[in-house]
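>>> Sequence and predicted model, in that order:
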Amino acid sequence: MNSVPDSILDDHPVDAGLRAELARGDMALSTLTPVLTHFLSTHDRSLFSDSIIARVRGMMRSAAYRLLRVEAEEIGANDVFGYAENRADALAEDLATHAAFLSHCHALSIEWQLADRLRGRNGIDPVLSPLLQSLIASGDGDLSDAAMATLAAQARFIEQQKRMEMPLAELPEDQFAHLIGVWRRQREDVSDDLASTVESRIRQMRSENEARLSLLDRTFHGLGARSDVALSLTHAGAAMFLTALGHRAGQERDIAVVSTNDRQLVRFALSLRAAGLSPAEARAQLRCLHPDATLPAAVDQLTTQDARALLSSSPFGHVE
């Protein structure tokens with residue numbers, strides 16, 4: 001945890017007020033996993049009217065099913081699809097007990113919901129943003145290629161989210177490791193040789209196509225000194241904006257995604273300022289997501305360094 005700059009300590013009332021609001025946001029974040037776990041473990045179908053819960057559940061089952069299909073193929077099961085179908089629910093339920101995996105699926109579902117909302121309310125295309133369009137047409141070959149690949153990956157992501165799918169190739173390495181670990185602990189009858197074969201085969205599949213999040217990172221880094229152009233929702237689109245916000249504010253991308261929720265307005269405002277936006281620019285992005293919201297007056301007074309320090313002082317803060 002980083003120390004808080006003197007510029008904040010000199011203005012204790014501002015510091016105390018923002019810290020209190022950020023702490024309330026932290027409390028809400030800390031309850032996400034137990035609440036999601038409760039909803040996902042119950043058999044009361046009425047609880048799945050919420051699209052976020054249903055999508056998270058669907059993604060976890062999709063990941064479990066895809067892994068089990070590979071296992072079934074490796075052992076030569078007579079009915080590969082039936083083998084995976086019969087075991088997917090149990091593996092998904094165990095997977096739901098892993099907070100990091102659950103949180104990642106939750107963040108993806110929020111991102112999809114955000115992109116869908118921006119399309120309906122602001123006319124922002126969830127796949128082809130003005131920024132991607134300009135980068136594809138740019139004279140920079142590497143950046144153009146990265147942008148084109150990002151466009152294709154984003155199109156797949158939108159369709160996968162509609163179907164509540166989670167391709168194994170799209171899982172970040174740490175979440176893939178969680179999935180493999182849960183599967184191996186649950187299936188004690190699987191030999192080490194078979195487990196290694198299944199994992200190696202899936203890793204080969206993962207290496208054949210670059211994941212969407214990796215492509216978003218590559219495109220963002222390709223912008224170099226121009227990366228601030230990605231900090232506009234209407235210009236960059238939700239996916240690139242969230243990637244840029246995470247990098248520029250020194251936050252985990254999943255936390256940056258969750259900060260767009262209306263219960264995390266202070267975290268979102270601090271992230272915008274930590275990313276280098278002026279108060280006026282931060283206000284514009286805040287209102288794009290929450291038209292009736294106002295930027296907390298205290299946030300206007302912070303420097304970029306102050307905002308980053310406040311975020312990193314949070315249990316959910318992470319400075320790169």
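Perfect, I can see it now.
>>> Work out which residue lies at the spatial centre of the protein.
For the chain, the residue nearest the mean C-alpha position is residue 254 (3.5 Å; C-alpha atoms, centre = their mean).
>>> For it, which non-adjacent residue is closest in space?
Closest residue to residue 254 apart from its sequence neighbours, by C-beta to C-beta, 6 or more residues apart in numbering: residue 107 at 3.8 Å. Just so you know, the C-beta spots here come from the backbone N, C-alpha and C atoms, and that holds for glycine as well.
>>> how about low-confidence regions in the stretch 101-250 of the chain?
Within the stretch 101-250 of the chain, no stretch has pLDDT under 70.
>>> Start from the N-terminal end of it and give the helices.
Here the stretch 101-250 of the chain has its helices, by DSSP state H, counting those that start in this stretch, at 130-136, 141-162, 173-186, 192-208, 212-223, 233-249.
>>> most tightly surrounded among those?
Highest mean neighbour count of these: helix 233-249, a mean of 24 (counted as mean count of other C-beta atoms under 10 Å).
>>> Go ahead and measure how far the very next helix or strand once past that one is from the middle of the chain.
Remark: after helix 233-249, the chain's next helix or strand is helix 253-258, criterion DSSP states H and E. Centre-to-centre, helix 253-258 and its host chain are 5 Å apart (C-alpha atoms, centre = their mean, to the nearest Å).
>>> Other residues contacting helix 253-258?
With contacts defined as C-beta atoms under 8 Å, 6 or more residues apart in numbering, helix 253-258 is touched by 29, 32, 103-104, 106-108, 110-111, 114, 213, 242-243, 245-246, 249, 264, 267, 271, 316, 318.
>>> Please save the CA atoms from that helix in CSV.
Output in CSV follows, covering the C-alpha atoms of helix 253-258 (Å, rounded to 0.1, in the frame of the first residue of the first chain):
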residue,chain,number,x,y,z
ARG,A,253,-9.2,-3.9,-15.3
ASP,A,254,-11.9,-5.9,-13.6
ILE,A,255,-12.0,-3.3,-10.8
ALA,A,256,-12.1,-0.5,-13.4
VAL,A,257,-15.1,-2.3,-15.0
VAL,A,258,-17.0,-2.6,-11.6
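>>> Over it, what's the mean pLDDT, rounded is fine.
Across helix 253-258, the average pLDDT comes to 94.
>>> and that helix, which residues are buried?
Buried residues in helix 253-258, counted by 16 or more other C-beta atoms under 10 Å: 253-258.
>>> of all those residues, which comes closest to residue 81?
If you rank these by distance to residue 81 using C-beta to C-beta, residue 254 comes first, at 31.6 Å.
>>> Would you mind measuring from that closest one to residue 247?
Between residue 254 and residue 247 the computed distance is 13 Å (C-beta to C-beta, to the nearest Å).
>>> got the contact list for the nearest residue to residue 67 once chain neighbours are set aside?
Using C-beta to C-beta, 6+ apart and skipping the chain neighbours, the partner closest in space to residue 67 is residue 183 (5.8 Å). Residue 183 makes contacts with 64, 67-68, 71, 91, 190, as judged by C-beta under 8 Å, 6+ apart.
>>> What of residue 237?
115, 118, 124-129, 131-132, 154.
>>> which SS state does residue 260 fall under?
Secondary structure assignment for residue 260 (DSSP: H, G, I helix; E, B strand; the rest coil): coil.
>>> show me what contacts it?
Contacts of residue 260 (C-beta under 8 Å, 6+ apart): 110, 114, 242, 268, 289.
>>> Could you look up the SS state of the residue sitting furthest away from the middle of the chain?
Most distant from the centre of the chain: residue 78, at 37.4 Å, with distances by C-alpha atoms, centre = their mean. Classification of residue 78 by three-state DSSP places it in coil.
>>> quick one, phi/psi of it?
Per-residue torsions, residue 78: phi -70, psi -40 (degrees, to the nearest 10).
>>> re the thing from before, let me have the contacts of residue 237 in TSV, adding distance to residue 225 as columns.
Listed next are those as TSV, based on distance: C-beta to C-beta, whole Å:
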residue	distance to residue 225
115	27
118	27
124	25
125	26
126	27
127	26
128	24
129	20
131	15
132	19
154	24
